[in-house]
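**Q** Sequence and predicted structure below; questions after.
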Amino acid sequence: MSPVTANLHVQQSQPPGVPPLSLTGERTLPDVPAENYWYRRHLAVYEWIAARVGGLRVIDMACGEGYGAAVLAQEASRVVGVDANPEVFEHARLRYAEPNLSFARAMVERYGEPAASDVVTFLQTIEHVPSPESVLRHFKTLLAPGGVAYISTPNVLTLAPVGAEKSGNPWHLKEYRAHEFRGVCESVFESVELCGVYHARKLRAHELVLTLGWDRVHQGLRLTKPFYNRFTAAIQSSDFVLDDQRPLSGALDFLAICR
């Protein structure tokens, strides 16, 4: 990989003293233009949850770079972002400094005190773990009475090639269909509501023009790279929507609300 290509996968314009992170495929990052679609797709879910955690105590498990914990901290009374990776822990600790936000370097299945949190989030990570039920059981012990766990994961039907059991992502151990994901969550929690993440606004419009043959047009006019460079950079979290009424088979990701 050339230095120019490599730099496309490193965070840009970080605050002074904050070491940039590089994409590895294990987690998404802000401030990487080529990654903007995936970052905004994840951010949309964090923003949806943030609107529901006002004044509550939150643990953001497998928080990665820390952007999601920072979004939650805009509404919650206290947020702890937990990640075992030393590089991302140091980055998050330095970049996101708010009075009600802290970070802990720990394994998610070992962190926390019983009944000490109102909310646990575990987004786009359950597909990485070998024993999802045991991890969810641990999260349940951390919740105070009435607490909620928000768990998300990609839909294998829209992530993997048609007919495949899994995408090519080497970090994913298991990718779920809706009924499989619901079953894992219901094996631990008494109440599980499932909603899906879907394209909206300009991403939905893009889906529609693809059905009309846009792929052939931009390739024929040799516009592919300049068009998608601009299009990808312009994507916002508002170009995704969470909905519990549409068929989950067509969802990009699932979000389980577990009590």
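**A** Perfect, I can see it now. Residues are numbered from 1 along each chain as shown.
**Q** which residues of the stretch 151-259 of the chain fall in helices?
**A** Per DSSP state H, counting those that start in this stretch, the stretch 151-259 of the chain carries helices over the ranges 156-159, 178-186, 201-211, 214-220, 224-234.
**Q** hmm, who's touching the first one?
**A** In this case it means helix 156-159. The set of residues that contact helix 156-159 without belonging to it, under CB atoms under 8 Å, 6 or more residues apart in numbering, is Ala164, Glu165, Lys166, Ser167, Asn169, Glu175, Tyr176, Arg177, Ser249, Gly250, Ala251, Leu252. Glycine gets a C-beta too; all of them are placed from N, C-alpha and C.
**Q** returning to what we had before: out of the helices of the stretch 151-259 of the chain, the one nearest Pro19 is which?
**A** Each of the helices of the stretch 151-259 of the chain was checked against Pro19 via CB to CB, and the shortest separation belongs to helix 224-234, namely 23.5 Å.
**Q** which element is the residue nearest in space to the middle of the chain on?
**A** With distances taken as CA atoms, centre = their mean, the chain has His42 as the residue nearest its mean C-alpha position (3.7 Å). Secondary structure assigned from DSSP states H and E places His42 in helix 36-50.
**Q** Run the angle between that helix and helix 224-234 for me.
**A** If you take axes from the mean of the first three to the mean of the last three CA atoms, to 10 degrees, helix 36-50 sits at 20 degrees to helix 224-234.
**Q** okay, the angle between helix 36-50 and helix 201-211?
**A** Computed by the same axes, to 10 degrees, the angle between helix 36-50 and helix 201-211 is 130 degrees.
**Q** For the closest residue to Val53 other than its chain neighbours, the count of nearby residues, please.
**A** Sequence neighbours aside, Ala76 is the residue nearest to Val53 in space, at 4.7 Å (criterion: CB to CB, 6 or more residues apart in numbering). Using other CB atoms under 10 Å, the number of residues around Ala76 comes to 24.
**Q** just Val188 next, same as before
**A** As a burial measure, the neighbour count of Val188 was computed by other CB under 10 Å and equals 19.
**Q** my guess is it contacts Ser134, does it?
**A** No: Val188 is beyond contact range of Ser134, at 9.1 Å (criterion: CB atoms under 8 Å).
**Q** Give the buried residues for stretch 224-235.
**A** The neighbour-count criterion (16 or more other CB atoms under 10 Å) identifies Ile235 as the buried residues of stretch 224-235.
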